[in-house]
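In: Mind looking at a prediction? Sequence and model below.
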Amino acid sequence: MDILFTMLIFLALTGVFALLGLNVWVWPKAAIDRVTASAADPSQMQAANAHPSLAFRDLLKKLGTLVPQSPKDTTVMQRRLIRAGYRNPNALKVLYGAKFVMAIIVPMLAFGVIAGAAWESSTKIMATLASIAIGFFAPNEYVRTVAKRRQKQIRRGLPNALDLLVVSVESGLGLDQGIVQVAKELDHAHPEISEELSLMTLELKAGKRRIEALRNLAERSNVDDLKKLVAVLIQADRFGTSVAATLRNHAEFMRVQARQVAEEKAAKLGVKLVFPIFFCILPSLFVVTVGPMAFKVIRELIPMINSI
C-alpha cells in the first residue's frame, strides 16, 4: 500500500511539472521570438541578463495567471497587499504564483517526512492534503503579518508626524504644504507614514480633492488612529474651523490616549506576571531555600529512624 501511495504521489507531481513546463516553456512561440529578437536588440539582451530574482518574479507572475481567482478574494487580497506596502500592479499575480509554488513545494517536503513514518495510508493522505492547504495559504498569512507590522509602524510614527504637522501649520504653512514637509522630514525616521503622506500629496497634485485624498489615506493604512485624524481634518475642512487649533487639540487627545493605554498595560502587568512567577521563579526559590534543609533531613533523620 505504501508503494502504491508513493507511486501515485510521484505520478501526480510529474504530471503537474510536465504540464507546467508545457504551458510556460514549450507551447508558447513567444519564447522563440524573444530569443531571436534578443540577438538583434541590445536592450533585450540587457533584460535577459537581469538579476535572477527578477526572472523568478516573472515566473511567479506567469504561474499566478494559471491560478483561478475569485473576484471577491481578489479585491480582499489587493487591499491587503496595499496595506502591506506592495503596490505593484503585478503584486497580486506574484502572490498567486507564490501560492501555486508553495502548494507544490510544501507537500513534497512533507511527503519526504511522511514516507518514512509508520502511519496508516489514510493518515498519510490526510497529512499530504493538509500540507497542500498549508502551502497554499502560507503566502496569505505572510502578507497579513507584513500588513500588521506596517500598521504598527504607522501607529508608532503617527504622534511624531502629528506634532511636526502642528508645528508646520502653526508656523504659517498650509495643510497641504505641511503634509509635504512632514513626509520629507520623516523619510528616514518613519518611512511607512512618510510613504503614505507622499502618496496623498501625489493624489492632491493629480487633482483629487483633499477630502477624497484623506479618505484614501485612511483606507490604505486601515489604522484606527489615522482614521480619527482624517475624520478630524475632514470635519475641520467642512465646517471651516482653524486647522492649527484642530490639530493641536487632536495632538493633546492622542497624548492623553497614549498615557491611558500605557497605564492600562501597566495595570495588566501584575496579572500577566502571575504565571511566569508561579511556574518559573517559585520552583527555583523552593529548590534554593527548601532544598538544603530537605537534603539535611534526609541525610540525618532517616538513619535515626532506621536505627530505632
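Out: Cool, got the structure.

In: give me the number of residues near residue 125?
Out: Number of residues near residue 125 (other CB atoms under 10 Å) recorded here: 15. C-beta here means a position set from N, CA and C on the backbone, and glycine is covered the same way.

In: what about it, helix or strand, and which?
Out: For residue 125, the element it lies in under DSSP states H and E is helix 121-170.

In: Return the distance of that helix from the chain's centre.
Out: Chain-centre distance of helix 121-170: 2 Å, with CA atoms, centre = their mean, to the nearest Å.

In: who's in contact with whichever helix or strand comes after it?
Out: For helix 121-170, the following helix or strand on the C-terminal side (DSSP H and E) is helix 175-185. Helix 175-185 has contacts (CB atoms under 8 Å, 6 or more residues apart in numbering) with 161, 164-165, 168-169, 173, 194-195, 197-198, 200-201, 204, 210, 233, 243.

In: Who wins on neighbours among these?
Out: Highest count within the contacts of helix 175-185 by other CB under 10 Å belongs to residue 165, 25 neighbours.

In: how close does residue 177 sit to residue 250?
Out: 19 Å (CB to CB, to the nearest Å).

In: and what of residue 90?
Out: 38 Å.

In: higher neighbour count, these two?
Out: Neighbours were counted for residue 90 and for residue 250 using other CB under 10 Å; residue 250 has more, 20 against 14.

In: For that one, pull up the helix or strand it's in.
Out: Residue 250 belongs to helix 243-272 when elements are defined using DSSP H and E.

In: next helix or strand past that helix?
Out: Next along the chain after helix 243-272, taking DSSP H and E as the criterion, comes helix 274-276.

In: So what's the gap between that next one and the chain middle?
Out: 30 Å.

In: helices or strands up against that helix?
Out: For helix 274-276, there is no helix or strand it packs on, judged by 3 or more CB pairs under 8 Å, 6 or more residues apart in numbering; DSSP states H and E.

In: quick one: residue 253 from residue 151, how far?
Out: Taken as CB to CB, the span from residue 253 to residue 151 is 20 Å.

In: Compare those two and say which is more crowded by neighbours.
Out: residue 151 (19 against 13).

In: Let me know the pLDDT of that one.
Out: Model confidence at residue 151, given as pLDDT, is 94.

In: Tell me who's in contact with it.
Out: With CB under 8 Å, 6+ apart, residue 151 has these contacts: 83, 221-223.

In: What about these, which are in helices?
Out: 83, 221 (DSSP state H).

In: what two of the contacts of residue 151 are the furthest from one another?
Out: Spanning the widest gap among the contacts of residue 151 are 83 and 223, at 9.1 Å by CB to CB.

In: on that earlier part again, and which of the contacts of helix 175-185 is nearest to residue 216?
Out: residue 200 (7.2 Å).
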